[in-house]
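1. requesting a structural model of the entry that follows:
(one chain, ligands or ions: 3)
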Amino acid sequence: MPLVTSTEMFRKAYEGGYAIGAFNVNNMEIVQGITEAAAELNAPLILQVSKGARAYANHTYLMKLVEAAIIETGLPIVLHLDHGDSYEVCKSCIDGGFTSVMIDASSKPFEENIALTRRVVEYAHDHGVVVEAELGTLAGIEDEVKVSHEDSSYTRPEDVQEFVERTGCDSLAIAIGTSHGAYKFKPGTKPQLRFDILEDVEKRLPGFPIVLHGSSSVPQEFVRIINENGGNMPGAVGVPEEQLRQAAGMAVCKINIDSDLRLAMTASIRKYFNEHPDHFDPRQYLGPGRAAIKEMVKHKIVDVLGCDGKA
Ligand code: G3H
Ligand code: 13P
Ligand code: ZN
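-> Ligands and ions are numbered 1, 2, ... in the order given. Next up is the predicted model:
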């Protein structure tokens with residue numbers, strides 16, 4: 001099976017009350033951990049590549065790793081550009097074989113966001129590629145860009161219909177209180193997603209797929225393991241998984257998770273080094289790192305996304 005777009009996946013997810021996991025990939029072990037988990041659970045899958053991942057691993061390497069995963073698993077997989085910040089990077093991914101791109105012009109004024117998104121949509125649709133756009137700004141860190149909670153802003157439901165109509169985008173990322181990175185909310189706080197905004201958006205865009213970024217839950221168990229094995233991470237609270245499950249039952253069809261996989265992999269490798277100070281073969285510690293990612297993705301598919309058995 002070749003790479004697919006998310007059109008059919010989102011239609012089924014919307015109707016079925018579940019969401020597809022969009023997991024970030026940067027190297028072979030991460031691709032393998034994620035795709036082995038999805039294959040064992042027969043789950044549809046979006047693998048996403050950030051600008052930073054392309055700079056780190058190189059477009060062709062990532063493309064070929066994902067092609068290998070398709071051959072090995074037979075799964076329907078979408079290859080998606082995460083947080084494309086210009087027409088040029090989106091075009092380069094479309095020309096280079098991605099089946100989905102995000103143009104993230106959410107930090108620009110409304111009219112500029114529309115104009116840039118529209119331009120990407122025209123090129124993408126001419127090449128059979130789908131486009132995710134964003135309205136509203138999340139707090140947190142992505143690709144070295146830091147947005148404080150004060151500078152973040154919830155999506156205004158009254159804007160979404162005009163935005164989707166004028167841009168022609170295929171899915172829309174909205175800001176309802178999620179946040180990027182491993183340091184989302186202060187320890188002791190109780191994050192609460194704005195389901196009232198999600199419901200309002202859903203009413204204004206019936207049947208239209210909504211995306212949540214910044215949806216890691218930052219399990220404290222992993223932070224504890226990292227810190228017990230030589231790390232020094234401050235504590236933080238992530239997005240509660242039961243709220244993500246609730247969102248997946250609504251219009252949210254794609255949920256982005258990166259930080260939780262990083263935490264799982266890093267915790268396992270730190271623990272391994274602590275227990276085996278004399279080992280130096282990368283396979284010995286990258287293997288457990290890959291297994292930790294696989295376990296985390298299985299948990300997300302079954303307990304958060306609800307997309308097991310839906311491939
Ligand atoms: O939202 C951003 C993703 O977690 C990707 O992070 O830009 O460090 O690759 P990155
Ligand atoms: P997390 O940092 O919460 O994993 O979010 C990832 C993300 O939104 C990628 O686009
Ligand atoms: Zn994101």
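
2. show me where the chain has strands.
-> Using DSSP state E, the strands of the chain run over 20-24, 45-50, 77-84, 100-103, 130-135, 140-142, 145-147, 171-174, 210-212, 252-257.

3. hmm, who's touching the third one?
-> Taking Cβ atoms under 8 Å, 6 or more residues apart in numbering as the criterion, the residues outside strand 77-84 that touch it are 3-6, 9, 20, 22, 24, 35, 45-51, 53, 63, 66, 69-70, 89-90, 93, 97-104, 120, 132, 142-143, 256. Heads up, the C-betas are built off the backbone N, CA and C, glycines and all.

4. and ligand 2, which of the residues you listed contact it?
-> 24, 256 (Cβ under 6 Å from any ligand atom).

5. ligand 3 next: which of the contacts of strand 77-84 are close?
-> Taking Cβ under 5 Å from the ion as the test, ligand 3 is in contact with N256 out of the contacts of strand 77-84.

6. for the contacts of strand 77-84, I'd like a selection string for PyMOL - just the buried members, please.
-> Buried members of the contacts of strand 77-84, defined by 16 or more other Cβ atoms under 10 Å, are picked up in PyMOL with:
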select buried, resi 3+4+5+6+9+20+22+24+35+45+46+47+48+49+50+51+53+63+66+69+70+89+90+93+98+99+100+101+102+103+104+120+132+142+256
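
7. sorry, back to before: how about the strands of the chain in TSV, adding mean pLDDT?
-> Formatted as TSV, the strands of the chain follow (pLDDT from 0 to 100):
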stretch	mean pLDDT
strand 20-24	98
strand 45-50	98
strand 77-84	98
strand 100-103	98
strand 130-135	98
strand 140-142	74
strand 145-147	72
strand 171-174	98
strand 210-212	98
strand 252-257	98
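
8. looking at these, which is closest to A264?
-> Smallest distance to A264 across the strands of the chain (Cβ to Cβ): 10.5 Å, for strand 252-257.

9. and that closest one, how far out from the chain middle?
-> The chain centroid and the centroid of strand 252-257 are separated by 6 Å under Cα atoms, centre = their mean, to the nearest Å.

10. quick check: angle from it to strand 130-135?
-> Interaxial angle, strand 252-257 versus strand 130-135 (axes from the mean of the first three to the mean of the last three Cα atoms, to 10 degrees): 80 degrees.

11. for the residue lying closest to I197 once chain neighbours are set aside, give me the pLDDT.
-> Distances taken as Cβ to Cβ, 6 or more residues apart in numbering place I176 nearest to I197, at 4.9 Å, with adjacent residues excluded. At I176, the pLDDT value in this model is 97.

12. and I176, how far from V239?
-> Per Cβ to Cβ, to the nearest Å, I176 is found 10 Å from V239.

13. who's in contact with the residue in the stretch 151-300 of the chain that ligand 3 sits nearest to?
-> Using Cβ to the ion, the closest approach of the stretch 151-300 of the chain to ligand 3 is made by H213 at 3.3 Å. Taking Cβ under 8 Å, 6+ apart, we find H213 in contact with 134, 138, 173, 178, 180, 256.

14. enumerate every residue touching the last one.
-> N256 sits next to 22, 24, 48, 82, 211-215 when contact means Cβ under 8 Å, 6+ apart.
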